[in-house]
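> Here is a sequence with its predicted model. Questions after.
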Amino acid sequence: MNRDSKVEQAVTEILAQPALNGVYRLTSTFAGSMPVLDGRALTDRRDLLGAIGRALDFPDYYGANWDALDECLRDLSWRDGPISLLIEHAEAIPDAAMATLVEIFLQAAQGWAEQERVFSLFVAGLERRDIPLLA
C-alpha cells in the first residue's frame, strides 16, 4: 500500500469514529469531501478566521475572532453531520496563530467526541511533533 493510500485509509477511519476526533498532520493531502483551505492565503489572523468561518458555514453573527471561533466550533447547532477541515500548506500560517487554532480545535474535538459526533482538523505541510502524523 502506498503512502497516499495509507493516508486516505487513516483519514477515512478517523472520520468514521468520533472517539478518534482531533487534530492530525498529513504527509500528503487527502480531502475526500471535506472543505480545504490553502494556508498560503491565511498568513493573517483575520484571513484565517474568516476562511474557517466560510468553509464551515458559520452563522452571520460569527465575529471572526478566537472567542467566536471557539463558540461556533462548540455549538454547531446550525449544521448536521460530521465536521472536518483540511488546511494545506499549514506551515505558512504564523506559529502563534497555528498554536491557538490547534488548541481551540482540540478542545472542541474532545467535546464532540463525548457527543459522538465526528470532528477533526487535518493539516498538511506542518512540522509539529505534538500533532499526530498520519503516514
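Noted; the coordinates are in hand.
> State the distance from the residue sitting nearest the centre point of the chain to residue 53.
Centroid-nearest residue in the chain: residue 121, 2.1 Å away (criterion: Cα atoms, centre = their mean). According to Cβ to Cβ, to the nearest Å, residue 121 stands 14 Å off from residue 53. (Glycine included, C-beta is placed from N, CA and C.)
> before we move on, what about residue 104?
13 Å.
> what is in contact with those two at once?
With Cβ atoms under 8 Å, 6 or more residues apart in numbering applied, the overlap between the contact sets of residue 104 and residue 53 consists of residue 69.
> Which one's more surrounded, those two?
Taking neighbours as other Cβ atoms under 10 Å, residue 104 and residue 53 compare with residue 104 leading, 21 against 18.
> What residues does the residue nearest to the more buried one when sequence neighbours are not counted make contact with?
Excluding the flanking residues, the one nearest residue 104 by Cβ to Cβ, 6 or more residues apart in numbering is residue 70, at 5.0 Å. Residues in contact with residue 70 (Cβ under 8 Å, 6+ apart) are 104, 107-108.
> By mean pLDDT, which helix or strand of this structure comes out lowest?
Of all helical and strand segments in the chain, the minimum by mean pLDDT, DSSP states H and E falls on helix 3-14, at a mean of 83.
> quick revisit: check which helix or strand the residue nearest to residue 104 maps to.
Counting by DSSP states H and E, the element that carries residue 70 is helix 66-75.
> Kindly export that helix (C-alpha atoms) in PDB.
Backbone C-alpha positions of helix 66-75 (Å, rounded to 0.1, in the frame of the first residue of the first chain) are rendered in PDB as follows:
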ATOM      1  CA  TRP A  66     -10.600  33.500  18.600                       C
ATOM      2  CA  ASP A  67     -13.500  33.600  21.100                       C
ATOM      3  CA  ALA A  68     -16.100  33.500  18.300                       C
ATOM      4  CA  LEU A  69     -14.300  30.600  16.600                       C
ATOM      5  CA  ASP A  70     -14.300  28.700  19.900                       C
ATOM      6  CA  GLU A  71     -18.000  29.400  20.500                       C
ATOM      7  CA  CYS A  72     -19.000  28.400  16.900                       C
ATOM      8  CA  LEU A  73     -17.000  25.200  17.000                       C
ATOM      9  CA  ARG A  74     -18.500  24.200  20.300                       C
ATOM     10  CA  ASP A  75     -22.100  25.000  19.200                       C
END
